[in-house]
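In: Here's a sequence, model it:
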Amino acid sequence: MQFEAVIGLEVHAQLKTRTKIFCGCSTAFGAPPNTHVCPVCLGMPGVLPVLNRQVVEYALRMALATGCHITTESRFARKNYFYPDLPKGYQISQYELPIAEGGNVDIEVGDEVKRIGLTRIHMEEDAGKLIHDPDQPVSRVDFNRTGVPLIEIVSEPHMRSAAEAGAYLRKLRSLVRYLGICDGNMEEGSFRCDANISIRPAGSRELGTRTELKNLNSFRHVEKALSYEIARQRDIALDGGEVIQETRLWDPDRGCTLSMRGKEEAHDYRYFPDPDLLPVVIDEDWLERVCATLPELPDAKKARFVSQYGLGADVAAQLTGNRESADYFEACTGCGVDPKQAANWIMGSLTALLHTRDLPIDQSPVSAEDLAGLLKLIEKGTISGKIAKTVFEKMATDGKPAGQIVEEEGLVQVTDTSAIEKAVDEVLAANPTQVADYRAGKTKILGFFVGQVMKITRGRANPRMVNEILRARLK
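Out: Sure, this is the predicted structure:
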């Protein structure tokens, strides 16, 4: 029997506000435990929460960017459960009346474009963090993260493979970073997801029993965990067993999912409206002001890069995958260099450099303006493409502009015909056997001759001129 997977994701994005959702404590990451806390986020008796307006505006940004229906009046609710990292004994979230519903996200998997529907986007506060002692059976709790603002983006169960789930997550991460509302750092937990997954016979319309996967802190882990869980549920079904509704943890060391607990339902949390918080009312003026702050989004930017710069769709997709890469590219082309050449260098030498040094592109040791300066030297014929690679490496190390490096090290390309002819004659005289082979029809040997000429000229000879002169001499 053939089965298909049914996958829905619940993504939590930590919002980039300076302070928490209901108090003035800092949201900065990495502070000593329990230093960014106050009576409000610790749930002390007699304190009252006050909503951070920036949280609402960030949630509206995401809702507008994904085409959601904005709820004119939304309400906060208390989600009741006991866990040591939850000081109040409940989490302030939204339940019956979220800030946004519906909407969609388009993803690309291979050559296929697929639309993933959204169920809702709602605001909530984060819980604390348990720290487990590796040497003794003791756990400690850090409440710094308690009250940090989140939006939860809940998808419809429209994904059918681990690859689609990975593409959806990457698209969401790109969106929140373009919007400037979340840094998308999965390693620090500011962008994380839980996955709901079930299988059903291919062609069936009914949903199977689902499991929820947690502890998914990278795109690779999400895809591996989903692939494992699809296979596990399929094997159970083929053996005549029944999948149990439960929450499972992904163990990256063992490469498998492990049972954690029975899956809770909404009624288990005893949701009720929070009596300490007023409804959130969104009027048209507020919406228009937020809408006016939206940047050009990835899909629109990709289409513009194709039409404006003549780039291929794949190249445009890579450049616009994050806002910083797109900005770097446009800063480079804004200096008057060929867009395709700029794209090739950014996706080639620059990306390799950044990968080696583990740097994001907005911390590149070679600025967009300096890269443009290097490309102009190539376009003018001042240096060859091969010499440009050497110059680029020196730019990254020394921090000097390309023109200064070329001048100081005497790397200007040789375009003097007589000088190149002299080098060509020297190479041909030293290799009579290869000359005879070329004239006998082994024309691929031309590359050998070009290499020898470039060696004699220390890579400075104009390659086009070298090829032309060699062909003329070898007739």
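
In: shaky segments in this protein?
Out: 1, 264, 266, 413-416 (pLDDT under 70).

In: Residue ranges of each domain in it, please.
Out: 3-288, 296-408, 417-473 (automatic domain parsing).

In: Export the ones you listed to TSV and append columns for mean neighbour count.
Out: No exception for glycine: its C-beta is placed from N, CA and C like everyone else's. Shown next, in TSV, are the domains of the chain (neighbours: other CB atoms under 10 Å):
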stretch	mean neighbour count
domain 3-288	17
domain 296-408	17
domain 417-473	16
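
In: show me where the stretch 351-475 of the chain has helices.
Out: 351-357, 368-380, 385-398, 402-408, 417-430, 432-439, 446-456, 463-473 (DSSP state H, counting those that start in this stretch).

In: Dump the ones you listed into JSON lines; add distance to residue 190 as well.
Out: Formatted as JSON lines, the helices of the stretch 351-475 of the chain follow (distance: least, CB to CB, whole Å):
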{"stretch": "helix 351-357", "distance to residue 190": "21"}
{"stretch": "helix 368-380", "distance to residue 190": "27"}
{"stretch": "helix 385-398", "distance to residue 190": "29"}
{"stretch": "helix 402-408", "distance to residue 190": "37"}
{"stretch": "helix 417-430", "distance to residue 190": "57"}
{"stretch": "helix 432-439", "distance to residue 190": "61"}
{"stretch": "helix 446-456", "distance to residue 190": "50"}
{"stretch": "helix 463-473", "distance to residue 190": "48"}
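
In: Setting aside sequence neighbours, what's the nearest residue to residue 372?
Out: Residue nearest to residue 372 in three dimensions, not counting chain neighbours: residue 335, with 3.5 Å by CB to CB, 6 or more residues apart in numbering.

In: Also residue 359?
Out: residue 365 (7.6 Å).

In: for the one you found, what are its contacts?
Out: With contact taken as CB atoms under 8 Å, 6 or more residues apart in numbering, residue 365 is in contact with 353, 357, 359, 395, 396, 397, 399.

In: Contacts only, for the first one.
Out: The one in question is residue 353. Listed by CB under 8 Å, 6+ apart, the contact partners of residue 353 are 364, 365, 366, 392, 396.

In: Need phi/psi at residue 336.
Out: Dihedral pair for residue 336: phi 90, psi 20, per degrees, to the nearest 10.

In: my guess is it contacts residue 376, does it?
Out: Yes. The pair residue 336 and residue 376 qualifies as a contact (CB atoms under 8 Å) at a distance of 7.4 Å.

In: In the stretch 201-350 of the chain, what residue spans correspond to helices?
Out: Assigned by DSSP H, counting those that start in this stretch, the helices in the stretch 201-350 of the chain fall at 219-238, 284-292, 298-309, 313-319, 323-333, 339-345.

In: can you list those in CSV and add distance to residue 142?
Out: Shown next, in CSV, are the helices of the stretch 201-350 of the chain (distance: least, CB to CB, whole Å):
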stretch, distance to residue 142
helix 219-238, 23
helix 284-292, 33
helix 298-309, 35
helix 313-319, 38
helix 323-333, 31
helix 339-345, 44
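
In: Check what contacts stretch 29-47 and list those residues.
Out: Against stretch 29-47 from outside (CB under 8 Å, 6+ apart): 20, 22-28, 48-50, 87-89, 125, 131, 140, 142-144, 146-147, 188, 190.

In: and that stretch, how far out from the chain's middle?
Out: Taking CA atoms, centre = their mean, to the nearest Å, one finds the center of stretch 29-47 at 31 Å from the center of the full chain.

In: What separates the first and last residues of it, distance-wise?
Out: Taking CA to CA, to the nearest Å, the first and last residues of stretch 29-47 lie 25 Å apart.

In: next one: stretch 107-117
Out: 11 Å.

In: Which strand runs longest in the chain?
Out: strand 112-125 (DSSP state E).

In: ok, that strand: who's next to it in the sheet?
Out: Using DSSP bridges, the strands paired with strand 112-125 are strand 100-101 (antiparallel), strand 104-109 (antiparallel), strand 149-155 (antiparallel).

In: which residues sit against the first one?
Out: I take that to be strand 100-101. 59-60, 62-63, 68-71, 118-122.

In: tell me which of those is nearest to residue 242?
Out: For the contacts of strand 100-101, the residue nearest residue 242 by CB to CB is residue 119; the value is 26.3 Å.

In: State the distance from the closest one to residue 430.
Out: 74 Å (CB to CB, to the nearest Å).

In: same thing with residue 149?
Out: Residue 149 is 72 Å from residue 430, by CB to CB.

In: just residue 236 next, same as before
Out: As judged by CB to CB, residue 236 and residue 430 stand 73 Å apart.

In: Kindly report the same for residue 374.
Out: 34 Å.

In: re the thing from before, which one of the strands paired with strand 112-125 lies nearest to residue 6?
Out: Across the strands paired with strand 112-125, closest to residue 6 is strand 149-155 (CB to CB), at 11.4 Å.

In: Tell me who's in contact with residue 77.
Out: 92, 93, 94, 95, 96, 271, 272, 273, 274.

In: wait, doesn't residue 428 sit right on residue 449?
Out: Yes. Residue 428 lies in contact with residue 449 (CB under 8 Å); the separation is 7.2 Å.

In: Can you tell me the closest non-neighbouring residue to residue 124?
Out: The shortest distance from residue 124 to any non-neighbouring residue, by CB to CB, 6+ apart, is to residue 93 (3.7 Å).

In: That neighbour against residue 122, yeah?
Out: Yes. Between residue 93 and residue 122 a contact is recorded at 6.6 Å, counting by CB under 8 Å.

In: Overlap in contacts, the two.
Out: Here residue 93 and residue 122 have residue 152 as joint contacts, going by CB under 8 Å, 6+ apart.

In: helix, strand or coil for residue 38?
Out: coil (DSSP: H, G, I helix; E, B strand; the rest coil).

In: Would you quantify the distance from it to residue 50?
Out: For residue 38, the distance to residue 50 - CB to CB - is 12 Å.

In: cool, residue 358 as well?
Out: From residue 358 to residue 50 the distance is 40 Å (CB to CB).

In: Kindly report the same for residue 352.
Out: 49 Å.

In: and what of residue 327?
Out: According to CB to CB, residue 327 stands 36 Å off from residue 50.

In: again with residue 289
Out: On the measure of CB to CB, residue 289 and residue 50 end up 21 Å apart.

In: how about the contacts of strand 100-101 in TSV, adding distance to residue 219?
Out: Output for those, formatted as TSV (distance: CB to CB, whole Å):
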residue	distance to residue 219
59	24
60	27
62	19
63	24
68	24
69	29
70	29
71	31
118	19
119	22
120	23
121	21
122	24
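
In: Closest one to residue 194 out of the residues you listed, please.
Out: Comparing those against residue 194 with CB to CB picks out residue 119 as the nearest, at 13.6 Å.

In: The spatially closest residue to that closest one that is not a sequence neighbour and residue 101, how far apart?
Out: Of all residues not flanking residue 119 in the chain, residue 154 sits nearest, at 4.4 Å (CB to CB, 6+ apart). Separation of residue 154 from residue 101 (CB to CB): 10 Å.
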